[in-house]
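Enquirer: can you look at this prediction? I've put the sequence above it.
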Amino acid sequence: MPELLEVIELGNPVLRQQAQPVHDVQSAHIQTLIDDLIVTVKQANGVGIAAPQVGQSDRLFIVASRPNLRYPNAPSMEPTAMINPRILAHADKMVKGWEGCLSIPGIRGQVPRYQAIAVEYTGRDGKQHQQELTDFVARIFQHELDHLDGIVFVDRVESTHDLMTEREYQRIVVG
Ligand code: ZN
């Protein structure tokens with residue numbers, strides 16, 4: 001049975017580490033971690049979660065966009081494990097959009113991200129995938145990829161005036 005993992009928060013040094021490449025995708029450790037991350041992100045109403053957020057410094061994350069209480073307008077997709085992910089190319093255009101992070105509870109920020117990216121990653125079955133991602137899903141990918149490099153979304157805001165508390169975000173932005 002997959003188990004819920006504790007999500008570590010800003011200040012924990014693991015969130016600032018460079019995560020290590022995954023060499024054995026089929027290992028029990030990695031396969032169990034993927035199952036546990038999927039139940040953990042779902043329970044937390046997240047749309048993505050990276051291994052370092054549960055204290056595991058491995059280059060893998062889950063993208064699990066779906067509408068929920070924290071992101072009512074998110075598109076639906078199957079939770080997808082992306083291992084050793086990287087960006088192959090990106091559009092010039094950057095767009096600002098609201099983000100939050102399970103490791104930074106209570107804060108939202110407007111973060112500039114590439115609107116479209118071409119990405120590559122290994123799936124949980126060990127197969128290589130190349131894909132083009134746009135808009136919200138591209139945003140999730142870039143947010144999670146940053147976690148693998150020790151970067152969090154508040155590092156990316158242009159101004160501290162682009163930050164809000166969750167309560168004001170719900171009141172002003174979601175309405
Ligand atoms: Zn995050």
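Expert: That came in fine, so what should we check first? Numbers count the residues shown, from 1 in each chain.

Enquirer: pull the longest helix from this structure.
Expert: Ranked by residue count and defined by DSSP state H, the top helix of the chain is helix 28-43.

Enquirer: okay, buried residues for it please.
Expert: The neighbour-count check on helix 28-43 (16 or more other Cβ atoms under 10 Å) flags 30, 33, 34, 36, 37, 38, 40, 41, 42 as buried. (C-beta placed from N, C-alpha, C; glycine too.)

Enquirer: which of those residues sits closest to residue 140?
Expert: The shortest gap between residue 140 and any of those belongs to residue 41, at 10.6 Å (Cβ to Cβ).

Enquirer: my guess is that closest one contacts residue 49, does it?
Expert: Yes. The criterion here is Cβ atoms under 8 Å, and residue 41 meets it with residue 49 at 4.0 Å.

Enquirer: now the common contact residues for these two.
Expert: 62, 64, 102 (Cβ atoms under 8 Å, 6 or more residues apart in numbering).

Enquirer: for the last one, what are its contacts?
Expert: I take that to be residue 102. Neighbours of residue 102 in contact, by Cβ under 8 Å, 6+ apart: 7, 41, 44, 46, 49, 53.

Enquirer: repeat that with 7 Å
Expert: 7, 44, 46, 49, 53 (Cβ atoms under 7 Å, 6 or more residues apart in numbering).

Enquirer: which ones among those map onto strands?
Expert: The members of the contacts of residue 102 that map onto strands under DSSP state E are residue 49.

Enquirer: are any of the contacts of residue 102 buried, and which?
Expert: 7, 44, 46, 49, 53.

Enquirer: hmm, back to that, could you single out the nearest of the buried residues of helix 28-43 to residue 1?
Expert: Of the buried residues of helix 28-43, the one sitting nearest to residue 1 (Cβ to Cβ) turns out to be residue 36, at 9.7 Å.

Enquirer: who's in contact with that closest one?
Expert: Contacts of residue 36 (Cβ under 7 Å, 6+ apart): 2, 3, 5.

Enquirer: what do you get for residue 9?
Expert: Per Cβ under 7 Å, 6+ apart, neighbours of residue 9: 103, 104, 105.

Enquirer: pick out the residue closest to the middle of this structure.
Expert: residue 144 (3.1 Å; Cα atoms, centre = their mean).
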